[in-house]
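[1] Okay, predicted coordinates and the sequence, questions at the end:
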Amino acid sequence: LAFVAGDVGPVGDVDVVVALHACDTATDDALAAAVAGGATAILAAPCCHKELRPQLDRRLKDDDDPALSELLRHGVLADRHAEAVTDAMRCLALEAAGYASRVVEWAPLDHTAKNTMIVATLGGARDGDVVKARLAALATRHGVTRHKLCGLLGVDLPGAAAPRAAPKGRMPP
């Protein structure tokens with residue numbers, strides 16, 4: 001067993017990928033690397049969930065659902081909502097890639113508030129078209145048009161803008 005500090009990215013064929021408290025979209029990088037490497041098992045304990053929060057906040061401003069608006073007007077509850085939507089979309093994206101997935105608690109709350117873990121195993125996933133339709137419905141309901149893992153795995157989201165062409169000689173944003 002070896003621990004290596006470095007960028008999260010494809011490393012070739014892998015059997016098992018473990019990502020503990022990978023901050024924000026580093027979790028998505030680890031999950032995409034696991035899929036690219038053909039991992040048979042993936043264990044990921046996400047940490048920060050910042051990517052979707054601005055999109056969820058924009059959706060909330062336009063939402064005519066007073067019950068949801070009341071729930072999400074409190075910052076801590078809006079953060080938990082962002083965590084739930086983010087991880088549900090991660091599970092569906094993994095299922096679209098051929099994995100069976102679930103979310104479990106892996107540590108007692110008195111040790112860490114970030115005690116959820118995504119567990120995915122290659123094979124046994126639901127029908128890909130059904131999964132993609134459910135992912136699209138979840139994204140649409142919450143106003144999500146960009147999700148890093150979906151982009152890395154090539155799963156299109158409704159309302160997603162086409163990638164902008166990079167100016168000559170420059171990397172895309």
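    In hand now; what should we look at?
[2] Just the helices from this structure, written as ranges.
    26-36, 53-62, 66-72, 75-96, 128-142, 148-153 (DSSP state H).
[3] Now do the same contact list for residue 106.
    Counting by CB atoms under 8 Å, 6 or more residues apart in numbering, residue 106 touches 45, 115, 116, 117. The C-beta positions use only the backbone N, C-alpha and C, and glycine is treated the same way.
[4] So in terms of bridging, what pairs with the first one?
    I take that to be residue 45. residue 20 (DSSP bridges).
[5] what sits against it?
    Residue 45 is in contact with 19, 20, 21, 22, 106, 114, 115, 116, 117, 118, counting by CB under 8 Å, 6+ apart.
[6] Residue 147 against residue 91, yeah?
    No. With contact defined as CB atoms under 8 Å, residue 147 does not reach residue 91; the gap is 11.8 Å.
[7] quick one, which of these two is more surrounded?
    Between residue 147 and residue 91, residue 147 has the larger neighbour count (other CB atoms under 10 Å), namely 26 against 22.
[8] and that one, what is it in contact with?
    For residue 147, the contact set (CB under 8 Å, 6+ apart) comprises 28, 51, 52, 86, 89, 93, 139, 157.
[9] Brilliant, that's me finished.
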